[in-house]
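**Student:** A predicted structure for the sequence below; I have some questions about it.
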Amino acid sequence: MPTPLPKNNMKTGVYIDVANLAMNGGFGMRYDVLREFACRGGVEPIRLNSYVSYDSQRADSDPEYRIKQNRFHATLRDFGFKVIQKNTKWYTDDAGNRFGKANVDLDLAVDALLQSENLDRVLLATGDGDFVQVVRALQNRGCRVEVIAFDNVSGDLRREADLYVSGYLVPNLLPIQREKGQLDWSDKVGSFVRGMCHVHDSAKGYGWLRYLKNVDGELWRTDSRDPLSPYATTFCHDSEYPHDLDLETLTSRKLVLEFELAAGQDPGKTKAVNVLPIRTVT
């Protein structure tokens, strides 16, 4: 376990659109890891808000749903998150179809803007493009705004943020289930990690994959040769990719790769094996 960094004077707020993440690749996300990511560098968490939808009508008739939701909310509180619950409201359209709505966007946006006066950094955990104007407003108030999400992430939201990080690339944020007894995400042989290809030589048939070892360092230090970089780089031969993968897309920075670290030819070096493309960033 890395030694926690001492707190600095920066303050952060975290605002999580729980339903958006769960419906777009983030189901099973570890909220304790998200908190660690948001507070990297010793930043002090001032606000930790999670916005959840809750169907009270279903809870009255479905004990299993009620128990699971209450347990989930209790877990969030154990990690220090405030649970802001938005009850589902049911409507009937002109055709007689019944549908429910529990939109948390307005609550999240208002809270983030009102509370930003005391924050230096804001982490929005959502892929919803409706928050683009919220990002701009927070930036105009002097906050650095970071966005983390998984699938179906608005391109406008990613471009507007000061930093966008795919949740798939944050160590242990979304557990990798490949083999029984596998090692936790690390730079050690036998670990499964996720990263991207940043160098590929099609003529020689190999390249290099980069992944985060941890989130303790400054994420802008992408050169793994920098002793302060949180990134590691590993060799990958083209034979480790699925045969139907278009290798021309490898360095587009759109393809998230999941792979196992194996011992390389040189002592202390690793190579990627069992490579599986899992997501294409749009």
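**Tutor:** Noted; the coordinates are in hand.

**Student:** next one: residue 127 from residue 206, what distance?
**Tutor:** 33 Å (CB to CB, to the nearest Å). The way it works is simple: take the backbone N, C-alpha and C, and place the C-beta from them, glycine included.

**Student:** the two: who's more crowded?
**Tutor:** Between residue 127 and residue 206, counted using other CB atoms under 10 Å, residue 127 has the larger neighbour count: 26 against 16.

**Student:** the more buried one against residue 155, yeah?
**Tutor:** No - using CB atoms under 8 Å, residue 127 is not in contact with residue 155; the gap is 10.0 Å.

**Student:** which one is residue 198 nearest to, not counting chain neighbours?
**Tutor:** Closest residue to residue 198 apart from its sequence neighbours, by CB to CB, 6 or more residues apart in numbering: residue 210 at 4.8 Å.

**Student:** now residue 263
**Tutor:** residue 189 (5.2 Å).

**Student:** list the contacts for the residue nearest the centre of the chain?
**Tutor:** The residue lying closest to the centre of the chain (CA atoms, centre = their mean) is residue 167, at 2.0 Å. Going by CB atoms under 8 Å, 6 or more residues apart in numbering, residue 167 touches 21, 25-26, 29, 148-150, 173-174.

**Student:** so which of the residues you listed are in helices?
**Tutor:** residue 21 (DSSP state H).

**Student:** could you dump the contacts of residue 167 into JSON lines and include neighbour count?
**Tutor:** Putting those into JSON lines (neighbours: other CB atoms under 10 Å) gives the following:
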{"residue": "21", "neighbour count": "24"}
{"residue": "25", "neighbour count": "20"}
{"residue": "26", "neighbour count": "25"}
{"residue": "29", "neighbour count": "21"}
{"residue": "148", "neighbour count": "27"}
{"residue": "149", "neighbour count": "25"}
{"residue": "150", "neighbour count": "23"}
{"residue": "173", "neighbour count": "26"}
{"residue": "174", "neighbour count": "21"}
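
**Student:** closest to residue 273 among the contacts of residue 167?
**Tutor:** Using CB to CB, residue 174 is the member of those that sits closest to residue 273, with 20.9 Å.

**Student:** surely the closest one is in contact with residue 31?
**Tutor:** No - the pair residue 174 / residue 31 is not scored as a contact, 11.4 Å apart, by CB under 8 Å.
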